[in-house]
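S.K.: For reference, the sequence and a predicted model appear below.
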Amino acid sequence: MKGDVMKKSVVLLFVMLLVAMVTTGSANEVSKGIRVGNAGSFTGDAAAPCMEIYNSSQLAVDEWNAKGGIQGVKIEHVMGDDALDPAQGINVARKFTSDDLMYGVVGPPVSHIAQASLKIYGESGLACITTAASKPELTESGFNHFFRVNARNDAHGWNCALFIKNNLKAKKVAVLNEKVAYCENLAQKTIEGLKQLGVTDIFNDTIVAGSKDYSAVLTKVKAYQPDVLFFVATAAPDQAIGVRQARELGINAVFFGTEGARDKKDFIEASEGAAQGAYVYHFSPDIFAIKEAEGYVKAYESKYGSLSGFGPPAYEAMNILLTAIDLAAKDGDITRAEVISKLSAIKNYKGILGFPVSFDEKGDLLGGATYIFKVNGNDFEQVTILTGK
């Protein structure tokens, strides 16, 4: 009986070790293959920006492969569609982490998806570089696998408050937010900033993502008569409905949208002219004004068409990820832990974003900024860059 128990214990220990080797990524020969994932919402309301993220990442992979890949091995780029659903985001994370040849992921770009899948990636030691997920807690979790090439909500919120107070001269502000991780957190950080700056006359309410009618809450906004309407929603289609219905109701407040609104087709065109003069903030600069980005812009537009602000950070993130994988693979063997270690050591990476990328000890971008754009005709014009001052 005791022998049977011992045998069962040995088998159990073996199984546990085997699982640990798979999930943490034991050393593999590079020649077996190199895969990188792309986790995003490639269907649904956020499909347009996320496909720009994927296509920009693919450009980087294609360029690396054209030069021989990594140690002579061609890189495979795998799409993982979460459809803007946390449950699907978890499925994508499980798919990627169970792949022994997967060494890093670009994404997820949406905070509530990143939050839902964070533990799965973290416990498997699979590096993630997000291009947009900005909830601060994502890098305060105790895991070491999560990096970002964008500023956090505590920076964006403060910068939005500065812009509303100093540039838009608002005394009364209405804040509407979609109740998901990114939106709730950004609204909270912006309101905190406004109050710190002395703007205390604030109307705060919520909206529902995917709603086709915001007239009920907008009617309350109209009665409040704000100077600025800060519309905090994830996707551009919701922003377009918001600005259009606000104008139809006769709300004269300056419309200030969040990062998801920086989409020519789904915000400017879909608003049917109502977005003219509206402002949006973004995590990415005006890429067309950056000399180092000329080659990327030409390559992207010749292959995929119109470019907005979501692709450039993804091109940067994928190049940084592949640089780390390449460094980890120099000796012919590679582990996920080595990739994370090489990512952590990235300092002053000079790519296409107009500033050198470095990560702090948590994986956050050092020196990130908030870029403010104004809708001018059928395009976005960058009007200022805010760095917390």
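M.R.: That came through fine.
S.K.: Would you mind listing the buried residues in stretch 100-110?
M.R.: Of the residues in stretch 100-110, 100-110 count as buried by neighbour count, 16 or more other Cβ atoms under 10 Å. Every C-beta, even on glycine, is put in place using the N, C-alpha and C of the backbone.
S.K.: and of these, the nearest to Ala48?
M.R.: Pro109 (12.2 Å; Cβ to Cβ).
S.K.: For the closest residue to that closest one other than its chain neighbours, give its distance to Leu118.
M.R.: Nearest non-adjacent residue to Pro109, counting by Cβ to Cβ, 6 or more residues apart in numbering: Ala132, 4.0 Å away. Ala132 sits 15 Å away from Leu118, going by Cβ to Cβ, to the nearest Å.
S.K.: what about these two, which has more around it?
M.R.: Neighbours per residue (other Cβ atoms under 10 Å) separate Ala132 from Leu118, with Ala132 holding more: 29 against 22.
S.K.: Now Ser284. Nearest residue, chain neighbours left out?
M.R.: Ser284 sits nearest to Gly309 (Cβ to Cβ, 6+ apart), 4.2 Å away.
S.K.: ah, wrong one, I meant Ala161
M.R.: Gly193 (2.9 Å).
S.K.: quick one, what contacts that neighbour?
M.R.: Counting by Cβ atoms under 8 Å, 6 or more residues apart in numbering, Gly193 touches 157-158, 160-162.
S.K.: same question, Val383
M.R.: Neighbours of Val383 in contact, by Cβ under 8 Å, 6+ apart: 279, 372-374.
S.K.: Apply 7 Å and report the result again.
M.R.: Residues in contact with Val383 (Cβ atoms under 7 Å, 6 or more residues apart in numbering) are 372-374.
S.K.: what ranges of this structure fall below the confidence cut-off?
M.R.: 1-26 (pLDDT under 70).
S.K.: quick one, helices of it?
M.R.: Taking DSSP state H, the helices of the chain run over residues 2-24, 47-66, 86-97, 111-124, 153-162, 181-196, 215-224, 236-248, 294-304, 311-328, 336-344.
S.K.: okay, those in JSON lines with distance to His145 next?
M.R.: What follows is the helices of the chain, written out as JSON lines (distance: least, Cβ to Cβ, whole Å):
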{"stretch": "helix 2-24", "distance to His145": "11"}
{"stretch": "helix 47-66", "distance to His145": "18"}
{"stretch": "helix 86-97", "distance to His145": "10"}
{"stretch": "helix 111-124", "distance to His145": "5"}
{"stretch": "helix 153-162", "distance to His145": "20"}
{"stretch": "helix 181-196", "distance to His145": "18"}
{"stretch": "helix 215-224", "distance to His145": "38"}
{"stretch": "helix 236-248", "distance to His145": "29"}
{"stretch": "helix 294-304", "distance to His145": "27"}
{"stretch": "helix 311-328", "distance to His145": "12"}
{"stretch": "helix 336-344", "distance to His145": "6"}
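S.K.: Identify whichever of those helices lies nearest to Phe267.
M.R.: Phe267 lies closest to helix 236-248 among the helices of the chain, at 4.3 Å (Cβ to Cβ).
S.K.: Let me know the distance separating Asp99 from Leu118.
M.R.: 18 Å.
S.K.: In contact with the residue most central in space within the chain, which residues?
M.R.: With distances taken as Cα atoms, centre = their mean, Ala132 lies nearest the centre of the chain, 1.8 Å away. When contacts are counted by Cβ under 7 Å, 6+ apart, Ala132 touches 109, 150, 259, 283.
S.K.: what's the nearest residue to Ala127 if we skip its chain neighbours?
M.R.: Gly104 (4.3 Å).
S.K.: hang on, isn't that neighbour packed against Leu321?
M.R.: Yes: if you go by Cβ atoms under 7 Å, Gly104 and Leu321 touch, sitting 4.6 Å apart.
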